[in-house]
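[1] Just the structure for this:
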Amino acid sequence: MNEKSALTIKETAREYGFPEYAIRTLVKRGAFPVVQCGNRCYIVRSVFEEYLQKGGALYDPKL
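    Prediction:
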């Protein structure tokens, strides 16, 4: 199995069955940390899955 560890917003939406605008909104709200590279935004798969498992608990960058 050759899974990418980081996904674009579009790839994340497609893989997890969410609307793309919903993922963009979560990123803008800072719901979980992302990797910003120029104008691209990458979501680490394990971080997003952890966010989903916690039921959408907001990310606290101070921890």
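[2] now the residue nearest the centre of the chain: how far from residue 25?
    Per Cα atoms, centre = their mean, the C-alpha nearest to the average position across the chain is that of residue 43, at 4.0 Å. Here the distance between residue 43 and residue 25 works out to 13 Å (Cβ to Cβ, to the nearest Å). C-beta here means a position set from N, CA and C on the backbone, and glycine is covered the same way.
[3] What helix or strand is the residue nearest to the centre of the chain located in?
    Using DSSP states H and E, residue 43 falls within strand 40-44.
[4] Give the pairing partners of that strand; include direction for each.
    strand 6-8 (antiparallel), strand 35-37 (antiparallel) (DSSP bridges).
[5] would CSV of those strands with mean neighbour count, distance to residue 21 and mean pLDDT be doable?
    Listed next are the strands paired with strand 40-44 as CSV, based on neighbours: other Cβ atoms under 10 Å; distance: least, Cβ to Cβ, whole Å; pLDDT from 0 to 100:
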stretch, mean neighbour count, distance to residue 21, mean pLDDT
strand 6-8, 17, 14, 95
strand 35-37, 10, 19, 93
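[6] quick one, which of those is nearest to residue 56?
    strand 6-8 (18.1 Å; Cβ to Cβ).
[7] What's the first helix or strand after that closest one?
    Per DSSP H and E, strand 6-8 leads on to helix 9-16 as the next helix or strand towards the C-terminus.
[8] Does anything pack onto whichever helix or strand comes after that following helix? Which helices or strands?
    Counting by DSSP H and E, the element after helix 9-16 in chain order, helix or strand, is helix 20-29. In this structure, helix 20-29 makes packing contacts with helix 9-16, strand 40-44, judged by 3 or more Cβ pairs under 8 Å, 6 or more residues apart in numbering; DSSP states H and E.
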